[in-house]
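Asker: Could you work out the structure for the sequence below:
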Amino acid sequence: MPKVLLINKLIDKITEYLKLKGDQVKVEAMGHVARVLSVVITYGIIAFIGGFLLFFLSITVAVCLNHLLESTFLGYLIMSGLLFLLVIVLLLVHKTGSLQRWLEGLILGIGDPKEKDEEDHE
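Answerer: Residues are numbered from 1 along each chain as shown. Presented below is the predicted three-dimensional model:
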């Protein structure tokens, strides 16, 4: 066989290998994106429902406080004050950066622990 033919075969094989490797990387990337997106959507739904829960729970507590205090507005005022304090505490925690570090750890820890063990052994 002439050398040119062997070189052409070798180039074809290398091209095919690179194409397959590129396809494999695409599939793996799509898998990672799908996993991250599913976690983001799940936490988004939980946060949305949690927001409604907080809203209705706050209204319920405010109405109960109104009834206990025999007032039409003090319960709402007290609940608003408590929620305002909660926001202040969250802002202070955010300012220290601990909330951001916790969220980054949560986001970076999304991958499957079994998968990380397999990558370490390779």
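Asker: what about the helices in the protein?
Answerer: 3-69, 74-96, 98-108, 113-121 (DSSP state H).
Asker: Single out the most deeply packed of those.
Answerer: Most buried of those, by mean neighbour count (mean count of other C-beta atoms under 10 Å): helix 74-96, with a mean of 13. C-betas here are computed from N, CA, C, even on glycine.
Asker: about what we covered before: where among the helices of the chain is average confidence lowest?
Answerer: Mean pLDDT per stretch puts helix 113-121 lowest among the helices of the chain, at a mean of 52.
Asker: OK, contacts around the residue nearest the centre of the chain?
Answerer: Residue closest to the average C-alpha location in the chain (C-alpha atoms, centre = their mean): Val40, at 3.9 Å. Applying C-beta atoms under 8 Å, 6 or more residues apart in numbering, we find Val40 in contact with no residue.
Asker: and if you look at Cys64?
Answerer: Cys64 makes contact with Gly75, according to C-beta under 8 Å, 6+ apart.
Asker: Relative to Tyr76, how far out is it?
Answerer: Distance, Cys64 to Tyr76, using C-beta to C-beta, to the nearest Å: 11 Å.
Asker: Repeat that for Ile46.
Answerer: According to C-beta to C-beta, Ile46 stands 27 Å off from Tyr76.
Asker: So Lys13 versus Ile7, what's the distance?
Answerer: 11 Å.
Asker: swap in Lys26?
Answerer: In terms of C-beta to C-beta, Lys26 sits 29 Å off from Ile7.
Asker: ditto for Leu82
Answerer: Per C-beta to C-beta, Leu82 is found 77 Å from Ile7.
Asker: Also Val63?
Answerer: Per C-beta to C-beta, Val63 is found 83 Å from Ile7.
Asker: I'm done for today, thanks for sticking with me.
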